[in-house]
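Chemist: below are the sequence and a predicted model for it; my questions follow.
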Amino acid sequence: MSHIPVLANEILNFFEPRDGSNYVDCTVGEGGHAELILAQNGPSGMLLGIDRDRAILDKAEKNLERFNKRVILIRDTYANLSEIISIYNFKSIYGILFDLGISSYHVEDAGGGFSFSKDEPLDMRFDRESSEETAGDILKKWSEEQLEWLFSTYGEDNYAKVLAQEIVRIREKYPLRTTNDLVEVVRRVKKHSDKKINPATQIFQALRIVVNHELEELEDALPQAVNELIPGGRLAVISYHSLEDRLVKHFLLKKQHEAQIKILTDKPIVPSLIEQKENPRSRSAKLRLAEKLYR
């Protein structure tokens, strides 16, 4: 399997899969975490996996085929979590996992413009069969003020205003069609930036978040996840940037204050240095854990 599941040992130790325990992987991807859970919750435990990308679900189906009828894979958004669970009559859920962000597949194979290291169309939709705006559409149509807001709010980028101005100036001459087009603009604007990360990282993040409504859908899904767990059930969320982590942290604090859950991580769990070296994608990962209370 090309995809290496992040914080795999920590997830397994937390969920403690055993025969008969059922789980939902809200971002099943290629099936990395799902495979590890299904290997331990047999012969009767099941897993419901959700993903928006048809191509990546095909990979998950192949990777998990040996588990046969113990796995259900659904192409949908986790914002519809409760509806999906109801339709498939998936009961007695002990654990729900969110592994947010993009998978190795999206970066390496999807051709959807998620990586600034490849020259691909500026799409960035997880579900490219949808009619949603692409990243290219946004760069073409949004006003300078809207672009500045986007880069500042979702990219947390100090160059947001200058970048928005430059994109509007450039698009009057020629359209930004590919990732390379965008990267060139960002590099010119941020040529004096002293950050170690690629100067386009925050801009790609901002576009991907807004194209896929990531924060809104996460905000919708988290309360559903708590509601769908059995008492004593467990919730695990892996985030990859501060906006996601902040949203998850505040949600968990609110639910703990309402006595619906108990937070099990005072500070997020991060990958070991060994894991970060073996799987660079894990470097920014933060894992927060909670248990549903008996009430």
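Modeler: Happy to help now that I have it.

Chemist: for residue 209, helix, strand, or coil?
Modeler: Under DSSP: H, G, I helix; E, B strand; the rest coil, the three-state class of residue 209 is helix.

Chemist: what about it, distance to residue 53?
Modeler: 16 Å (C-beta to C-beta, to the nearest Å). Bear in mind the C-beta positions are built from the backbone N, C-alpha and C, glycine included.

Chemist: what of residue 94?
Modeler: 26 Å.

Chemist: any weak-confidence spans in the protein?
Modeler: 1-2, 109-110, 194-196, 295 (pLDDT under 70).

Chemist: what helices or strands is the helix or strand harbouring residue 235 leaning on?
Modeler: With secondary structure defined by DSSP states H and E, residue 235 is part of strand 229-239. Contacts defined by 3 or more C-beta pairs under 8 Å, 6 or more residues apart in numbering; DSSP states H and E place strand 229-239 against helix 8-15, strand 93-99, helix 214-228, helix 242-257, strand 286-292.

Chemist: please identify the most buried of the ones you listed.
Modeler: strand 93-99 (a mean of 24; mean count of other C-beta atoms under 10 Å).

Chemist: and the contacts of that one?
Modeler: The contact list for strand 93-99, computed with C-beta atoms under 8 Å, 6 or more residues apart in numbering, reads 5-6, 11, 14-15, 17, 21-27, 29, 33, 37, 78, 85, 218, 221-222, 225, 228-230, 232-238.

Chemist: ends of stretch 30-42, what's the gap?
Modeler: Taking C-alpha to C-alpha, to the nearest Å, the first and last residues of stretch 30-42 lie 20 Å apart.

Chemist: ah, wrong one, I meant stretch 46-66
Modeler: Terminal-residue distance, stretch 46-66 (C-alpha to C-alpha): 13 Å.

Chemist: just to revisit the earlier point, out of the helices and strands packed on strand 229-239, flag the one nearest residue 270.
Modeler: With C-beta to C-beta as the measure, strand 286-292 is the member of the helices and strands packed on strand 229-239 nearest residue 270 (6.0 Å).

Chemist: circling back to that earlier point, give me the PyMOL select line for the contacts of strand 93-99, limited to the buried ones.
Modeler: In PyMOL, a selection of the buried entries from those looks like this (16 or more other C-beta atoms under 10 Å):
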select buried, resi 5+6+11+14+15+17+21+22+23+24+25+26+27+29+33+37+78+85+218+221+222+225+228+229+233+234+235+236+237+238
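
Chemist: now the strands for this structure?
Modeler: 22-25, 47-51, 71-75, 93-99, 229-239, 261-263, 286-292 (DSSP state E).

Chemist: what's around the nearest residue in space to residue 106 that is not next to it in sequence, how many residues?
Modeler: In space, and not counting its chain neighbours, residue 106 is closest to residue 114: 4.6 Å by C-beta to C-beta, 6 or more residues apart in numbering. For residue 114, the count of nearby residues is 23 (other C-beta atoms under 10 Å).

Chemist: same deal with residue 262?
Modeler: As a measure of burial, residue 262 has 13 neighbours, counting by other C-beta under 10 Å.

Chemist: list the contacts of the closest residue to it other than its chain neighbours.
Modeler: With C-beta to C-beta, 6+ apart as the criterion, residue 262 has its nearest non-adjacent residue at 5.0 Å, and that residue is residue 291. Contacts for residue 291 (C-beta under 8 Å, 6+ apart) come out as 232, 233, 234, 235, 261, 262, 264.

Chemist: out of the helices and strands packed on strand 229-239, which gets nearest to residue 152?
Modeler: Per C-beta to C-beta, nearest to residue 152 of the helices and strands packed on strand 229-239: helix 242-257, 11.8 Å.

Chemist: now that closest one, how far from the chain's geometric center?
Modeler: 16 Å (C-alpha atoms, centre = their mean, to the nearest Å).
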